[in-house]
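>>> Quick one, fold the following:
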Amino acid sequence: MTIFIRTTTILALVSILGLVEPVWSDEGEWEYQVVILKGITAGGTIERKSSRIYIDTNKTEALAELAADGWEVVSVVGAPGSDDSVYLRRPRKK
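Down below sits the predicted model:
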């Protein structure tokens, strides 16, 4: 009986969510950019903030500049100490 109730609840939620139109849309309204942020071997500056938090100030400044131009990070591919491929998007200017 519990499984039936959960399944019914899930189906009800799916039905309700299916009727709601998403607020976001990827219908060509975005422009994209991929940037490579060089790792610490290329002169990055690592600053210790706490026992478990370190900040690469060069990468942080680069991302802040991109954000000021309207770019937002979608995904990052990389490893600690290496170059990072950062996938960005922003609303397309009309």
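
>>> so where's this structure shaky on pLDDT?
1-28, 40-44 (pLDDT under 70).

>>> Swap in 90 and give it another go.
Scanning the chain for pLDDT under 90 picks out the ranges 1-28, 37-62, 78-84, 93-94.

>>> hey, where'd the strands end up in the protein?
30-37, 46-48, 54-56, 72-77, 84-91 (DSSP state E).

>>> What is the last one packed up against?
Looking back up the chat, that one is strand 84-91. strand 30-37, helix 57-68, strand 72-77 (3 or more Cβ pairs under 8 Å, 6 or more residues apart in numbering; DSSP states H and E). C-betas here are computed from N, CA, C, even on glycine.

>>> Kindly report the same for the second one.
With contacts defined as 3+ Cβ pairs under 8 Å, 6+ apart, the packing partners of strand 46-48 are strand 54-56.

>>> List the buried residues in the strand it packs on.
Within strand 54-56, the residues scored as buried using 16 or more other Cβ atoms under 10 Å are residue 56.

>>> which neighbours does it have in its sheet, and in what orientation?
With DSSP bridges as the test, strand 54-56 is paired with strand 46-48 (antiparallel).

>>> which residues are in contact with the strand it pairs with?
Strand 46-48 has contacts (Cβ atoms under 8 Å, 6 or more residues apart in numbering) with 40, 54, 55, 56, 57.

>>> And these, which is closest to residue 30?
residue 56 (26.6 Å; Cβ to Cβ).

>>> do you know how far that closest one is from residue 94?
35 Å (Cβ to Cβ, to the nearest Å).

>>> For the closest residue to residue 70 other than its chain neighbours, which residues count as its bridge partners?
Using Cβ to Cβ, 6 or more residues apart in numbering and skipping the chain neighbours, the partner closest in space to residue 70 is residue 90 (4.1 Å). Counting by DSSP bridges, residue 90 is bridged to residue 31.

>>> so how many other residues sit close to residue 75?
10 (other Cβ atoms under 10 Å).

>>> Would you mind measuring from residue 45 to residue 55?
9 Å.

>>> Residue 65 too?
In terms of Cβ to Cβ, residue 65 sits 16 Å off from residue 55.
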